[in-house]
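Visitor: kindly return the folded structure for what I paste below:
(one chain, ligands or ions: 3)
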Amino acid sequence: VAADGTRVFDLRMRAGTTEFKDGQETPTWGFNGSYLGPTLRAERGEKVQVRVRNALGVPSNVHWHGMDLPARMDGGPHRMIAPGKTWSPRWTIAQPAATLWYHPHPHGETEDHVQRGLAGMFLLDDARSRALALPQRYGVDDLPVIVQDVKFDGARFDHGHGVAQSVGFLGDRTMVNGTLDPYRVVGDEQVRLRLLNASTARTYNFGFDDSRAFSLVGTDGGLVERPARMDRVQLSPGERAEIVVRVRPGERTVLRSYPLDVGMDFFNQRFNGGDDTFDILELRAASRLRPSPALPATLGKLEVPDGKDAVRGRFFDLKLSGINGRKMAMGRIDETVTRGTTETWTVRNTNGMPHNFHVHGVQFRVLSVNGRPPGPALRGAKDTVFVPNGTTVKLAMRFTGPADPNAPYMFHCHLLLHEDQGMMGQFVVV
Ligand code: C2O
Ligand code: CU
Ligand code: CU
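Guide: Ligands and ions are numbered 1, 2, ... in the order given. The predicted model follows:
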């Protein structure tokens, strides 16, 4: 913490090697360490600064995914960090407690930089969430779960794309927090898992092998209004979910990913990951468990608009060939929004393949999916939403970032190959 009260973080992007498999060193990139990055954590109202040093030897950058902050600090493709240079954005945390994350965003190379290992969590806290009876001892009963799929060719990562894989890279095994075949010993009756899909293309359908129910307590932008019981939660690339699961002494249960509908015919469904099952993380309960309090019935009010005061609607047609028929152009601003106003954005995919939709600098509410109210997993604050083929979602959002006609925010498909291929556009707040 600096003299003026600013919380200062240091991140160094570097190349190295990581031993994922015994005796084999895999070339990787990481923040500070050789793979992934430290969990950053800050409090609502706090001033923060991150000093990001690029020691990779090639240009890259860092974006704060889900953060409500000025566009100049957001780390989009315009904010490149040259090799050997440091970029030090600062901002004030102006949003509720949430599980956010950070990753590079160099135009055309995001998939590659994330796959090499550049990603980390950025957790936000506030007084309201701290006062709730939720598991919140980090690393004890409150665990980051960064899920990625990988493929190895000997010691090295194999990042090749199959010809029928329109979604991009799909691995044949998964890691949690950079660990293969992970398990976790649990010492409390209830454990909170902060699930982050940090994979570049794969959508997961999480659930437990014994079909036990869990409580969804948070989505991308923070806590939901009330815990929702469910036995499956689906996350497309970039999305987060916080779940609380109860275990009994001495038992084991495995968090898995189950087949899901990617909105394609049966052949393409299979080649785009829809039929796959993975063991994600085994929980091994200790023989004696510390008692956990029952979850509160309500967690608070959402701070995302319900759309009733929307002054304008926009439409986005998702196609691999571009959004609204246009590929990303660094010099073109696609949309101009007015600071402090609410808008509805309608996003449609009839492209025959899965996409999702992510907006920088804002959290939104999902008003409808194909004209119907969203299911329980989409009733919280979101910044990324899955839009499989044949789906139209309607979103409500309010732009609070400071007006800056010269610094754009991005909106894009978070299947990173698609983003790199130009499924991205830019908006400014004026
Ligand atoms: Cu997580 Cu524009 O990205
Ligand atoms: Cu983002
Ligand atoms: Cu896409």
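
Visitor: what ranges do the helices span in this structure?
Guide: 110-115, 127-130, 266-271, 416-420 (DSSP state H).

Visitor: distance between the shortest one and the chain's centre?
Guide: Distance of helix 127-130 from the chain centroid (CA atoms, centre = their mean, to the nearest Å) equals 22 Å.

Visitor: which parts of it are buried?
Guide: residue 129 (16 or more other CB atoms under 10 Å). (C-beta placed from N, C-alpha, C; glycine too.)

Visitor: got the contact list for that helix?
Guide: Under the criterion CB atoms under 8 Å, 6 or more residues apart in numbering, residues 44, 96, 97, 136, 222, 223, 299, 300 lie in contact with helix 127-130.

Visitor: what do you get if the cut-off is 7 Å, keeping everything else the same?
Guide: Helix 127-130 is contacted from outside by 97, 136, 223, 300, using CB atoms under 7 Å, 6 or more residues apart in numbering.

Visitor: just to revisit the earlier point, and the helices of the chain: which comes nearest ligand 3?
Guide: Nearest to ligand 3 among the helices of the chain is helix 416-420 (3.2 Å), distances taken as CB to the ion.

Visitor: so is that closest one next to ligand 1?
Guide: No: judged by CB under 6 Å from any ligand atom, helix 416-420 makes no contact with ligand 1; its nearest approach is 7.0 Å.

Visitor: and that helix, what does it pack against?
Guide: helix 110-115 (3 or more CB pairs under 7 Å, 6 or more residues apart in numbering; DSSP states H and E).

Visitor: so the helix it packs on, near ligand 3 or not?
Guide: No: counting by CB under 5 Å from the ion, ligand 3 has no neighbours in helix 110-115; the shortest distance is 11.4 Å.

Visitor: roughly how far is that helix from the heart of the chain?
Guide: 14 Å.

Visitor: put the alpha carbons of it into CSV.
Guide: C-alpha atoms of helix 110-115 as CSV (Å, rounded to 0.1, in the frame of the first residue of the first chain):
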residue,chain,number,x,y,z
THR,A,110,-5.0,-13.4,-27.6
GLU,A,111,-5.6,-17.1,-27.9
ASP,A,112,-1.9,-17.8,-28.1
HIS,A,113,-0.9,-15.6,-25.2
VAL,A,114,-3.6,-17.0,-22.9
GLN,A,115,-2.8,-20.6,-23.9
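
Visitor: still on that earlier bit, ranking by neighbours, what's the top pick from the contacts of helix 127-130?
Guide: Highest neighbour count within the contacts of helix 127-130, by other CB atoms under 10 Å: residue 223, with 27 neighbours.

Visitor: for residue 77, see how far away it is.
Guide: Distance, residue 223 to residue 77, using CB to CB, to the nearest Å: 31 Å.

Visitor: by mean pLDDT, flag the weakest helix or strand of the protein.
Guide: In the chain, no helix or strand scores lower on mean pLDDT, DSSP states H and E than helix 266-271, which sits at a mean of 80.

Visitor: now do the contacts for residue 335.
Guide: 314, 425, 427.

Visitor: around ligand 3, pick out the residues from the chain.
Guide: Counting by CB under 5 Å from the ion, the chain comes close to ligand 3 at 355, 413, 415, 418.

Visitor: for those, which one is nearest residue 270?
Guide: residue 415 (17.4 Å; CB to CB).

Visitor: okay, now that closest one: neighbour count?
Guide: Around residue 415 there are 28 residues (other CB under 10 Å).

Visitor: so where's the stretch 251-400 of the chain shaky on pLDDT?
Guide: In the prediction, the stretch 251-400 of the chain carries no residues with pLDDT under 70.

Visitor: to clarify, my last question referred to the stretch 1-150 of the chain.
Guide: Those would be none, if you go by pLDDT under 70 across the stretch 1-150 of the chain.

Visitor: what's opposite residue 359 in the beta bridge?
Guide: residue 411 (DSSP bridges).

Visitor: residues contacting it?
Guide: By CB under 7 Å, 6+ apart, residue 359 lies in contact with 383, 397, 411.

Visitor: for the first one, list the residues it contacts.
Guide: With contacts defined as CB under 7 Å, 6+ apart, the neighbours of residue 383 are 66, 220, 221, 358, 359, 362, 363, 364.

Visitor: next up, phi/psi of it, please.
Guide: Main-chain dihedrals, residue 383, degrees, to the nearest 10: phi -120, psi -10.

Visitor: list the contacts of the residue of the chain found nearest ligand 2.
Guide: Among the residues of the chain, residue 65 lies closest to ligand 2, at 3.7 Å counting by CB to the ion. Shown in contact with residue 65 (CB under 7 Å, 6+ apart): 100, 101, 102, 103, 238.

Visitor: highest neighbour count among those?
Guide: Neighbour max across these (other CB under 10 Å) = residue 238, 28 neighbours.

Visitor: which pLDDT value belongs to the closest residue to that residue other than its chain neighbours?
Guide: Closest residue to residue 238 apart from its sequence neighbours, by CB to CB, 6 or more residues apart in numbering: residue 414 at 3.8 Å. With respect to pLDDT, residue 414 scores 98.

Visitor: do residue 194 as well
Guide: pLDDT at residue 194 comes out at 98.

Visitor: near ligand 1, which residues of the protein are found?
Guide: 63, 65, 103, 105, 238, 358, 360, 410, 412, 414.

Visitor: quickly list what residue 243 is bridged to.
Guide: residue 193, residue 216.

Visitor: hmm, I was thinking of residue 313
Guide: Here residue 313 sits in beta bridges with residue 344, going by DSSP bridges.

Visitor: do residue 369 as well
Guide: Residue 369 forms beta bridges with residue 372, residue 393, as assigned by DSSP bridges.

Visitor: who are the neighbours in contact with it?
Guide: Taking CB under 7 Å, 6+ apart as the test, what residue 369 contacts is 378, 391, 393.

Visitor: one more pass at 10 Å, please.
Guide: Residues counted as contacts of residue 369 (CB atoms under 10 Å, 6 or more residues apart in numbering) are 375, 378, 385, 386, 387, 391, 392, 393, 394.

Visitor: can you select the buried ones from these in PyMOL?
Guide: Entered in PyMOL, the line below selects the buried ones among the contacts of residue 369, by 16+ other CB under 10 Å:
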select buried, resi 378+385+386+387+391+392+393+394
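
Visitor: mind listing what the closest residue in space to residue 34 that isn't next to it in sequence touches?
Guide: Once flanking residues are discounted, residue 34 sits nearest to residue 16: 3.3 Å by CB to CB, 6+ apart. Contacts here follow CB under 10 Å, 6+ apart; on that basis residue 16 touches 25, 26, 27, 28, 29, 30, 33, 34, 35, 117.

Visitor: now, which of the residues of the chain next to ligand 3 sits nearest ligand 1?
Guide: Distance to ligand 1 across those (CB to the nearest ligand atom) is lowest for residue 413, with 9.6 Å.
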